[in-house]
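In: this one's sequence-less:
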């Protein structure tokens, strides 16, 4: 049995324990995705809360024959992009300075544990355009398969693959600018 489908069915019946189960399984990955996409912790928290409210209100639209995670990340993505468009009316395909680069707000112990390489990677990703951060976060942090990535983005699989490839291609020179190539192999 699929615990996501079971919890979604419970939520449809009005049982809030279903929502609690879904949140427990997906909250960490969802928040990391939103933090990467928005580049701003307060905005990510706001969209995170809005996402779960939308899930509770619109659970009837979820197709239980499909995996839950892509539907959840689609809801979150749409809310985040709407929020970004309201606050930053420029193109979401262009890189701008993030409000707070990911990885810079952790305490010193967490940074020491994560290490310098992780910090460099987080900084490089944070400096990418929101749509590049989105596709990288969905693939590598939310661990969505290419088909799920495509479904979440609302594009065909080849388009999702191309967006992922372009985001990785844009990330590579940023990483190499901060460390020798041998470090990233």
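Out: Cool, got the structure. Since we're looking at a predicted model, the values are computed, not measured.
In: once you drop chain neighbours, what's closest to residue 75?
Out: Distance criterion CB to CB, 6 or more residues apart in numbering; nearest residue to residue 75, sequence neighbours excluded, is residue 54 at 5.1 Å. Using the backbone N, CA and C atoms, a C-beta is placed for each residue, glycine as well.
In: any idea how far the one you found is from residue 62?
Out: 11 Å (CB to CB, to the nearest Å).
In: now do residue 169
Out: Per CB to CB, residue 169 is found 34 Å from residue 62.
In: which one of these two has more residues nearby?
Out: More crowded of residue 169 and residue 62, by other CB atoms under 10 Å: residue 62, with 19 against 10.
In: so the more buried one touches residue 8, yeah?
Out: Yes - applying CB atoms under 8 Å as the test, residue 62 and residue 8 come out as touching, 5.5 Å apart.
In: okay, and the common contacts of those two?
Out: Common neighbours of residue 62 and residue 8 (criterion: CB atoms under 8 Å, 6 or more residues apart in numbering): residue 68.
In: excluding its backbone neighbours, what's nearest the most centrally placed residue in the chain?
Out: When CA atoms, centre = their mean is applied to the chain, the residue found nearest the centroid is residue 33 (2.2 Å). Once flanking residues are discounted, residue 33 sits nearest to residue 137: 4.6 Å by CB to CB, 6+ apart.
In: could you do residue 174 as well?
Out: Per CB to CB, 6+ apart, closest to residue 174 is residue 124, 4.0 Å.
In: where's the one you found relative to residue 38, distance?
Out: Where residue 38 is concerned, residue 124 sits at a distance of 17 Å (CB to CB).
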